[in-house]
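Novice: pasting the sequence and the predicted coordinates here, then a few questions.
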Amino acid sequence: MNKQKKTIIYGVAILAIVSLSFLTYNFIAKGATYGWLQATWSGGADTGAVANHTSNQSGWTKFFSKDTNVDTSNDQLTLASGSSSVVDTTTANFGAGTWSADTNSASCINSNTTGDQMTGTNACYNASGICGNFQVLPTDRAGTTAWATAVSYCDSLCPTCDLPTFTELACMCTNKASFGNNFVADYYWSATEVDSASAYLVGFSGCATYNNYKTNAYYVRCIRRF
């Protein structure tokens, strides 16, 4: 092979290597990694604005659309709370659940689900026109207790619930037939204090009045003021 042919072959080989290297590195140079940052959602829904990687890699504030229960305020995505209602129209519907009513509670409600309807009746006794502007709860606190516990128990039932005063309790005893007539024939605490150590009581066997140390245990009937 003469020198001229060798030179041509070498030239072609070098050209091929250079071309291959150029194509390979040129291909690699076309690859890129792009980041994206949604700054806020304050731009609102916009079906016309389109983000692109060359000018909106960060600071984009728009979005295409959202459901009505999606909240984008305060730069957050949250789901809004929803509500629903169910209408019960038959006794079977009403009876499917459970009714919770404490007759010593502030509600004073007794429920009735007969006749495909729910009705409520007042379980407390109205003392208006008899002893004052209050209702007498239908049952006693379970068992006997010291005076301080009697006061706190009645206060805990509702914001306007109280242990009756001495005058109110004496009137309740005199008119106990109007208030369920289901009192124990024993002494009940009143809220009226004699001094720091003792308080007044009323005996519901004959409405006798009495006072004793607050540490002793007697019965409790609470009232609910209007």
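Specialist: Ah, there it is.
Novice: what about residue 85, neighbour count?
Specialist: 4 (other C-beta atoms under 10 Å). Placement of C-beta: from N, CA and C, glycine included.
Novice: pLDDT score for it?
Specialist: For residue 85, the model assigns a pLDDT of 76.
Novice: gap between the residue nearest to residue 164 when sequence neighbours are not counted and residue 40?
Specialist: Distances taken as C-beta to C-beta, 6 or more residues apart in numbering place residue 223 nearest to residue 164, at 4.9 Å, with adjacent residues excluded. Distance, residue 223 to residue 40, by C-beta to C-beta, to the nearest Å: 57 Å.
Novice: for these two, indicate the residue with more neighbours.
Specialist: residue 223 (26 against 13).
Novice: isn't the more buried one right up against residue 133?
Specialist: No: the pair residue 223 and residue 133 does not pass the contact test of C-beta atoms under 8 Å, sitting 10.0 Å apart.
Novice: so for the two, which residues contact both of them?
Specialist: Residues within reach of residue 223 and of residue 133 at once, by C-beta atoms under 8 Å, 6 or more residues apart in numbering, are residue 127.
Novice: for this protein, what spans make up the strands?
Specialist: Taking DSSP state E as the test, the strands found in the chain are 44-45, 62-63, 70-71, 78-79, 109-112, 119-122, 125-126, 134-136, 161-162, 187-193, 198-203, 208-213, 223-225.
Novice: quick one: low-confidence parts of the protein?
Specialist: 1-34, 36, 82, 88-107, 109-121 (pLDDT under 70).
Novice: let me see the ranges of the helices in it.
Specialist: Taking DSSP state H as the criterion, the chain contains helices spanning 3-29, 91-96, 147-157, 166-174.
Novice: which other helices and strands contact the last one?
Specialist: Under the contact definition 3 or more C-beta pairs under 8 Å, 6 or more residues apart in numbering; DSSP states H and E, helix 166-174 sits against strand 187-193, strand 198-203.
Novice: tell me which residues in it are buried?
Specialist: 166, 168-173 (16 or more other C-beta atoms under 10 Å).
Novice: can you list the domains in the protein?
Specialist: The chain breaks down into these domains under automatic domain parsing: 36-81, 85-123, 124-225.
Novice: would you mind finding the most buried of those?
Specialist: domain 124-225 (a mean of 17; mean count of other C-beta atoms under 10 Å).
Novice: do you know how far residue 211 is from residue 174?
Specialist: 19 Å.
Novice: scratch that, residue 136 is what I was asking about
Specialist: Applying C-beta to C-beta to residue 136 and residue 174 gives a distance of 13 Å.
Novice: for residue 108, same thing?
Specialist: Applying C-beta to C-beta to residue 108 and residue 174 gives a distance of 22 Å.
Novice: just to revisit the earlier point, for residue 145, find the nearest of the strands of the chain.
Specialist: Ranking the strands of the chain by distance to residue 145, with C-beta to C-beta as the measure, places strand 187-193 first at 8.0 Å.
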